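Participant: build me a structure from this.
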Amino acid sequence: MTSNDEYVLQVLKEHGTVTDEQVQQVLEAPSGNTEASVVDRLVESGVLTESDILSTVAGQLGMEVMSLKGVDLPPEIRDMIPVETARRYKVVPVFKTGDTLTVALGDPLEFDTLDMLR
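Facilitator: Residues are numbered from 1 along each chain as shown. Below is the predicted model of the structure:
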């Protein structure tokens, strides 16, 4: 399990999104995917949804979950981050208020991305 997986599991437990008993049951159950993390197995088994995980972790980090599906970004916002940079760091500029650019992150636990944005 990666450190991000450990952190996510810890946050899920602290917020009561999942219990130690549920985690133990998933760990003891046979799995066809031996490479799956505990968090992935919780989703596969139906204990949690991806939405449960995203909203819990986002709340812990002081972020919001948003879907960009069907969102048409104005070119003046979209072009604020070069395409190569956006792809490399998996970020999308969403809107700008004053001097603050709000971006959507593909992985809010990717510290290199957070450092680049500062």
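Participant: OK, contacts around the residue most central in space within the chain?
Facilitator: In the chain, the residue lying closest to the centroid (C-alpha atoms, centre = their mean) is Asp107, at 4.8 Å. Counting by C-beta atoms under 8 Å, 6 or more residues apart in numbering, Asp107 touches 90, 113. Any C-beta I mention is one placed from the backbone N, CA and C, and that applies to glycine too.
Participant: for Glu21, see how far away it is.
Facilitator: 29 Å (C-beta to C-beta, to the nearest Å).
Participant: counting by contacts, list what the lowest-mean-pLDDT helix or strand in the chain packs against.
Facilitator: Least confident helix or strand of the chain, by mean pLDDT, DSSP states H and E, is helix 111-117 with a mean of 84. Applying 3 or more C-beta pairs under 8 Å, 6 or more residues apart in numbering; DSSP states H and E, one finds that helix 111-117 contacts helix 83-89.
Participant: which is the next helix or strand following the helix it packs on?
Facilitator: strand 91-97 (DSSP states H and E).
Participant: dump that next one to PDB, restricted to CA.
Facilitator: Provided in PDB are the C-alpha atoms of strand 91-97 (Å, rounded to 0.1, in the frame of the first residue of the first chain):
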ATOM      1  CA  VAL A  91      -4.700  20.300 -13.800                       C
ATOM      2  CA  VAL A  92      -7.300  22.400 -15.500                       C
ATOM      3  CA  PRO A  93      -7.900  26.100 -14.900                       C
ATOM      4  CA  VAL A  94     -11.500  26.600 -14.100                       C
ATOM      5  CA  PHE A  95     -12.100  30.200 -13.200                       C
ATOM      6  CA  LYS A  96     -10.300  33.400 -12.100                       C
ATOM      7  CA  THR A  97     -11.400  35.800  -9.400                       C
END
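Participant: list the strands paired with that strand, with their directions.
Facilitator: Here strand 91-97 has these sheet partners by DSSP bridges: strand 100-105 (antiparallel).
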